[in-house]
Structure formats: structure tokens, C-alpha cells
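K.L.:
Okay, here's the prediction I keep looking at, along with the sequence it came from:
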Amino acid sequence: MSDRMVQHGGPDGGAAIHWDFSTNANPLPLPDALVQALNAADRRRYPDPGYAALREQLAGRWGCRAGDVHVTAGSAEAIRRLTLAARLQGVHQVWVPEPGYGDYRAAAEALGMTVRGWRTEAELRAALERHGSLTEPVLCWLCDPNNPTGDSLSTDTVQALVAALDAGARLTVALDRAYSPLRLRGEDPVVSRCAVRFWQLWSPNKALGVTGVRAGAMQAPSLPAGLVTASWHAEVARSVGLLAPSWVLSAEGVALLQAWHTEPVQNWLADARLTLAEWAAMQRAMLTARGWHCAPSDTPFFMATPPWLHHRGPEPTGLDRSLQLDVRLRARGIRLREATSFGLPGVFRLSAQAPVAQRVLLDALGHWRPGPQEGLPHHDQERST
Ligand SMILES: Cc1ncc(COP(=O)(O)O)c(C=O)c1O
């Protein structure tokens, strides 16, 4: 494994993880309807290579043409494929949110593209204004709600992007909706009339708590008729289709995507959001009481800054202390997501877990004392998930 790989939460090749605060997957037990659907997946045959029934089903749900639905082996695969398709249509510049999911940058850099991070929406809008006077095409990534912060976009930014597209900018806007189904508060800022202008990447495995099933779908954008850039956008979409491996989606993946919008699964998800909101509030209160700062978030995961981070006094420094905590807890089977690779050293992204897991974490934090500097892991500063 290369040390240039994107860092991810969840299994890390080490000892068993008993309490996992490091992934954003829904920790609730799966609904029966989903378990049955996955068990019934027919593994003896290839899926339909055109995925016709599934694409029709998703198109019906999304109000688009089946031809605009591209099934994927999950959004990690979708990100690579869309980046490559954009590159093949002349895109060299990629804009990514910072902090943000590391695969956007990794996919672009692997293809030798130039990556610019935008830290605030004002920065993104300023880049968009400058872009208005340029002819160079751009791939722009959005994630709503964003990983790792749980922040939502503002409608102003969404509208600015739509206006640029409608004015004929050679801009591919890709909206990663990995966490839309786990939105716990507020409205979706990307209302459907705007969303149709963007590539929308869906991967329900996180919301449905089955990240081991590698499955997702992208909806291609629909742009106003007669746009000067219509054929360029159509070529990007054509490339996305041509670049798909045969049978990109497994039988389990098909089963997952077919079960996703069924009533029992959606009802379960609605209840799950209520439970997760409660657990997130408890977890935040528990950490706040111990002096941590928990940033606001629209999702069950949030950024938590430990109390020692701003005390850069005698050794160990705040960052060392966070890294020590990360390693010590990991040795006890508790996995946190230290955020150095998101550009936030010493801060943790934590997902809301069940009260029993929170008690284990509380106990571990209570018993932990920072030691002299140990052999701390080397963290890749550049990328992350
Ligand atoms: C924002 C975001 N997008 C995409 C992915 C990858 O999703 P998938 O499991 O569908 O490949 C992740 C996984 O953590 C993610 O956080």
C-alpha cells in the first residue's frame, strides 16, 4: 500500500474494531426488508449488463430519462469515472471543497489535473466569477452535507453555479449526495430544479448501514435546450457511459439499489434519522461536558476539538496529545477519525454512536492520560475521507 493512498475511517487492516466512531455509516441494525433483499440477490448469474430495469426504476424515482442514470460500484468509483470523463473532454482544472472528501483530489491528481481547494463558499463564488471570463473548462465538486463537517451549502452558491451553467460555462458541477439521506436538520439546499443541472452522485450504502455493498448511481445533468455547451456536456456524459466496466454493479448492489426507495426501507430510514439525532445530541453533550468543542453539523457526524488542542505549552503538544489518544484508543478497539488528513490536525471527526458505545468512549477518555511522546503514526497531510 502506498502512503499516498486516501485515508478512510472504518477497517484499517489492524485489530478488530469494537466501537467505531470513525466511519459515517449508519450504525443501526439493518431493516428486515433490506436483509431479505440482499439475501435474495441472485449470485449465480451476471446482472443485466444494461441494468435496464434498475435504471428505469431510479429514473422513475428521479423524474429523468433512464439514459441519464449511470449505475456505479459506489461513489468512490463514480468520482474516478466522472473525473476521467471530464479529463477526456479537455478539463484540466478541478475545484474541491476543503476540508472535503479526499477522493476528489486524489482522482484529479492521478490524472495530472490541477486541483484548487475552496475553503469557503465566498471563495468558490469568486472563482466562479473569475471563471466567467475564462474559456478553460472546470470540474467543480460539491458535497452536501459535506464530509467531514456536516455543513450544508447555501442556496446563493447553488444558484450562482446554476446561473453559470445556464450562461454556457464549460463547467461540470458534481454534487456528491452521499449524506443527503442522513440529513438530520434543515432543508436540502439543492432543490430539484437546480440539482438537475448538476451531476448527482448517490450512494445509499452509508445511510442504510451497508458500506460493504459497493453500489451507487449517478444522475447526469439536464441543461437548457440550445445551450452552446450542450454538445460538450453530452460528450462528458457519453464518456461516463463508455468508461463503465461491464457489470460494474454486483447482484447485491442491484438488490440494494432496488430496495433503497421501497416503503419499509424509507420508513426505517426516517426512524433512524430520529434516533441518530438523539444519539448525536447525547454524544455532543457528553464531549462538551469534558471540555471538547463540537462544531455544528447537519449530519450524525461532526468535528470535535479536544480541550488540549489550543494549549501549545510544554510537551506533549496538543497535536501529539490527539495522536496519542487516537493510537491508545485504537489499541482498545475504539476507532476515532483524527482529522490531520483533512487539513485539521488534532481535531476529530466523530460519528454518532449508540449510548453503549458512548459510555465506552467516556470511560476511555476518563482513564486516558497522555504519556511521553511515543512512536506516533505518520499521517498523510494531503488526502482523506
Ligand atoms: C463524501 C463521500 N463520497 C463518497 C464516498 C464513497 O462512497 P461509496 O462507498 O459509495 O464508494 C464516501 C465514503 O466515505 C464519502 O464520504
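P.N.:
Done, it's in. In this text, all values refer to a predicted model and were calculated from it rather than measured experimentally.
K.L.:
the longest helix in this structure is where?
P.N.:
helix 263-289 (DSSP state H).
K.L.:
Of all the residues in that one, which ones are buried?
P.N.:
265, 268, 269, 272, 273, 276, 279, 280, 283, 284, 286, 287 (16 or more other Cβ atoms under 10 Å). All C-beta spots, glycine's among them, are computed from the backbone N, C-alpha and C.
K.L.:
quick one: contacts for the closest residue to the ligand within the stretch 201-350 of the chain?
P.N.:
Closest residue of the stretch 201-350 of the chain to the ligand, Cβ to the nearest ligand atom: residue 203 (2.9 Å). Residue 203 makes contact with 72, 74, 75, 78, 177, 178, 215, 216, according to Cβ atoms under 8 Å, 6 or more residues apart in numbering.
K.L.:
From residue 179, how far off is it?
P.N.:
Between residue 203 and residue 179 the computed distance is 9 Å (Cβ to Cβ, to the nearest Å).
K.L.:
and what of residue 87?
P.N.:
26 Å.
K.L.:
for the record, mean pLDDT for stretch 257-271?
P.N.:
Average pLDDT, stretch 257-271: 98.
K.L.:
Stretch 192-204 too?
P.N.:
Mean predicted confidence for stretch 192-204 is 91.
K.L.:
residues of it that come out buried?
P.N.:
The neighbour-count check on stretch 192-204 (16+ other Cβ under 10 Å) flags 194, 195, 196, 197, 198, 199, 200, 201, 202, 203, 204 as buried.
K.L.:
Which members of the residues you listed occur in helices, if any?
P.N.:
Members of the buried residues of stretch 192-204 lying in helices (criterion: DSSP H): 194, 195.
K.L.:
Pull the contacting residues for residue 213.
P.N.:
38, 205, 250, 252, 253, 256.
K.L.:
export these to JSON lines and tack on distance to the ligand and secondary structure?
P.N.:
JSON lines is the format used below for these (distance: Cβ to the nearest ligand atom, whole Å; DSSP: H, G, I helix; E, B strand; the rest coil):
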{"residue": "38", "distance to the ligand": "15", "secondary structure": "helix"}
{"residue": "205", "distance to the ligand": "5", "secondary structure": "coil"}
{"residue": "250", "distance to the ligand": "13", "secondary structure": "coil"}
{"residue": "252", "distance to the ligand": "13", "secondary structure": "helix"}
{"residue": "253", "distance to the ligand": "10", "secondary structure": "helix"}
{"residue": "256", "distance to the ligand": "10", "secondary structure": "helix"}
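K.L.:
Columns distance to residue 351 and neighbour count on top of those, output as CSV?
P.N.:
What follows is these, written out as CSV (distance: Cβ to Cβ, whole Å; neighbours: other Cβ atoms under 10 Å):
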residue, distance to residue 351, neighbour count
38, 22, 18
205, 14, 23
250, 26, 17
252, 23, 21
253, 23, 26
256, 20, 25
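K.L.:
Among those residues, pick out the one closest to residue 15, please.
P.N.:
Nearest to residue 15 among those, counting by Cβ to Cβ, is residue 205 at 24.2 Å.
K.L.:
Now the closest one. Nearest residue, chain neighbours left out?
P.N.:
residue 211 (4.8 Å; Cβ to Cβ, 6 or more residues apart in numbering).
K.L.:
so the one you found is in which element?
P.N.:
Following DSSP states H and E, one finds residue 211 outside all helices and strands.
K.L.:
Let me know whether it touches residue 25 as I believe.
P.N.:
Yes. Taking Cβ atoms under 8 Å as the definition, residue 211 is a contact partner of residue 25 at 4.7 Å.
K.L.:
Residue 175 falls within a strand, correct?
P.N.:
Yes. Assessed with DSSP: H, G, I helix; E, B strand; the rest coil, residue 175 lies in a strand.
K.L.:
Please identify the residues of the stretch 101-250 of the chain in proximity to the ligand?
P.N.:
Contact residues (Cβ under 6 Å from any ligand atom) of the stretch 101-250 of the chain with the ligand: 101, 143, 147, 176, 178, 203, 205, 211, 216.
K.L.:
average pLDDT across the helix or strand hosting residue 164?
P.N.:
If you go by DSSP H and E, residue 164 is part of helix 155-166. For helix 155-166, mean pLDDT rounds to 94.
K.L.:
From the contact counts, what lies against that helix?
P.N.:
Applying 3 or more Cβ pairs under 8 Å, 6 or more residues apart in numbering; DSSP states H and E, we find helix 155-166 packed against helix 121-132, strand 171-176, helix 192-195.
K.L.:
Residue 211 and residue 25: who's more crowded?
P.N.:
residue 25 (21 against 18; other Cβ atoms under 10 Å).
K.L.:
Nearest to the ligand: which residue in the stretch 1-150 of the chain?
P.N.:
Closest point on the stretch 1-150 of the chain to the ligand, by Cβ to the nearest ligand atom, is residue 74, at 2.9 Å.
K.L.:
Tell me if I'm right that that residue and residue 216 touch.
P.N.:
Yes. Using Cβ under 8 Å, residue 74 is in contact with residue 216, at 4.7 Å.
K.L.:
Residues in contact with both of these two, list them for me.
P.N.:
When contacts are counted by Cβ under 8 Å, 6+ apart, the set common to residue 74 and residue 216 consists of 203, 205.
K.L.:
and these two? which has more neighbours close in?
P.N.:
Per other Cβ under 10 Å, whichever of residue 74 and residue 216 has more neighbours is residue 216, with 27 against 23.
K.L.:
I am finished for the moment; much appreciated.
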